[in-house]
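Enquirer: got a predicted structure here, sequence first:
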Amino acid sequence: MEIQEKIAVRAAAAEQEIEKFLPEQKGYAGTLYEAMNYSVRAGGKRLRPILMASCHRLMGGDGKHLAPCMAAIEMIHTYSLVHDDLPAMDNDMLRRGKPTTHAAYGEAMAILAGDGLLNHAFTILGKELISCDEISMKHVARVIAILSEKAGIDGMIGGQTVDVESEKTGSLITKEKLDYIYEKKTACLLEAAMMCGGALAGATEEQLMELCRIAQKVGLAFQIQDDILDVTGDQEVLGKPIGSDEKNEKATYVTYEGIEKAKEDVSRLSEEACGLLDRLCRKDAAAQEEADFLKELFAYLTVRDH
């Protein structure tokens, strides 16, 4: 099976689990629930829940309590995109070939839908925590701590803050500041996905840090590839406008390093992530299967066209 097919199979499985945790579209706040569900159902690679589930199996997890954690991280990722697309941020009207949430439901409802998804994610995790036995409770609590930190003010939101401030003030983003934005805004949620999968399986602190290092490299490679696609991509394939970085005079990795060096760095980072993965992987067949899948996934992310 080709890697695209493997991703599609795992994404479909993730979709099924996520769907179970979406709010029912009824009652006085029905429009809010509809906007939340529209945002989640808009598609996407489901990369973060896929990574979480794969790392969970890699570290010997049995799948218990995994589904709500997968749903939670995808809701947090989705809320960040809903808010990113708002007029006050990137002002995008199209995502994945569909109208963005504020384009479909209005700006106020999009803000509320994003807020709703973030809060609903932690409601799901809190309810799951209550149902756990003593050992599982510690694992789920660790997931909550990781996810809230990586998505919070010293993680994804911090990166977005620096990005927005740099754009709004018109100041030149230095290479060091750009690295900070990429690490926090993009890599942190991938780190959360991989670390949460491991934490739920009872991984040690040392193993979690190794998963974090792998995800840092994958996250940087993923973001650089996004920058490359903004220059070389096809709008119909991407499902969003291309050339927006140049039009907005936004500094990117390509600005500093050029296309060819950026492509080389994406490939190098993917290879380094695979090397770290080999060191971490247990030697049983199940773990090796997941390691092989992750390597294929990392390689695919370096050549994707959307």
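Expert: The structure has been received and is ready for your questions.

Enquirer: which residues touch the helix or strand where Ala287 lies?
Expert: Element membership for Ala287 (DSSP states H and E) is helix 285-301. Here helix 285-301 makes contact (CB atoms under 8 Å, 6 or more residues apart in numbering) with 3-4, 6-7, 50-51, 54-55, 57-60, 218, 221-222, 225, 266, 270, 273-274, 277-278, 281-282. In short, each C-beta sits where N, CA and C put it, glycine included.

Enquirer: output the below-cut-off pLDDT ranges for this structure.
Expert: 168-171, 233-250, 306 (pLDDT under 70).

Enquirer: in it, which spans are strands?
Expert: 94-95, 98-99 (DSSP state E).

Enquirer: any chance of a markdown table for those, columns distance to Gly30?
Expert: Below are the strands of the chain laid out as a markdown table (distance: least, CB to CB, whole Å):
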| stretch | distance to Gly30 |
| --- | --- |
| strand 94-95 | 23 |
| strand 98-99 | 19 |
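
Enquirer: and the gap between Glu183 and Glu191?
Expert: Per CB to CB, to the nearest Å, Glu183 is found 9 Å from Glu191.

Enquirer: helices - which of the contacts of helix 285-301 land there?
Expert: 3-4, 6-7, 50-51, 54-55, 57-58, 218, 221-222, 225, 266, 270, 273-274, 277-278 (DSSP state H).

Enquirer: filter these down to just the buried residues.
Expert: 3, 7, 50-51, 54-55, 57-58, 218, 221-222, 225, 266, 270, 273-274, 277 (16 or more other CB atoms under 10 Å).

Enquirer: including mean neighbour count and distance to Ile146, could the strands of the chain go into JSON lines?
Expert: Below are the strands of the chain laid out as JSON lines (neighbours: other CB atoms under 10 Å; distance: least, CB to CB, whole Å):
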{"stretch": "strand 94-95", "mean neighbour count": "18", "distance to Ile146": "27"}
{"stretch": "strand 98-99", "mean neighbour count": "15", "distance to Ile146": "31"}
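
Enquirer: quick one: which of those is nearest Gln207?
Expert: strand 94-95 (34.8 Å; CB to CB).

Enquirer: in its sheet, what does the closest one sit against?
Expert: strand 98-99 (antiparallel) (DSSP bridges).

Enquirer: okay, now the residue nearest to Pro87 when sequence neighbours are not counted: neighbour count?
Expert: In space, and not counting its chain neighbours, Pro87 is closest to Glu107: 6.4 Å by CB to CB, 6 or more residues apart in numbering. Residues lying near Glu107 (other CB atoms under 10 Å) number 13.

Enquirer: please report how far Glu107 lies from Met93.
Expert: In terms of CB to CB, Glu107 sits 12 Å off from Met93.

Enquirer: could you do Ile173 as well?
Expert: From Ile173 to Met93 the distance is 25 Å (CB to CB).

Enquirer: so these two - more neighbours on which side?
Expert: Between Ile173 and Met93, counted using other CB under 10 Å, the more crowded position is Ile173 (20 against 13).

Enquirer: quick one: the more buried one and Ser166 touch, right?
Expert: Yes. Using CB atoms under 8 Å, Ile173 makes contact with Ser166 at a distance of 4.8 Å.

Enquirer: who touches both of the two?
Expert: Joint contacts of Ile173 and Ser166 (CB under 8 Å, 6+ apart) are Ile181.

Enquirer: returning to that earlier point: distance of the residue nearest to Pro87 from Asp115?
Expert: Taking CB to CB, one finds Glu107 at 13 Å from Asp115.

Enquirer: same check, this time on Glu17
Expert: The value you get for Glu17 to Asp115, if CB to CB is used, is 23 Å.

Enquirer: which one of these two is surrounded by more residues?
Expert: With neighbours defined as other CB under 10 Å, Glu17 and Asp115 compare such that Glu17 has more, 18 against 15.

Enquirer: ok, now which ones touch the closest residue to Lys45 other than its chain neighbours?
Expert: Nearest non-adjacent residue to Lys45, counting by CB to CB, 6+ apart: Ala11, 6.5 Å away. Listed by CB under 8 Å, 6+ apart, the contact set of Ala11 reads Lys45, Arg46, Ile50.

Enquirer: got those as TSV, with distance to Asp85 columns?
Expert: As requested, the contacts of Ala11 are exported to TSV (distance: CB to CB, whole Å):
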residue	distance to Asp85
Lys45	17
Arg46	19
Ile50	23
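
Enquirer: list the contacts of the residue lying closest to Val40 once chain neighbours are set aside.
Expert: Nearest residue to Val40 in three dimensions, chain neighbours excluded: Thr78, at 5.1 Å (CB to CB, 6+ apart). By CB under 8 Å, 6+ apart, Thr78 lies in contact with Ser39, Val40, Ala42, Gly44, Leu117.
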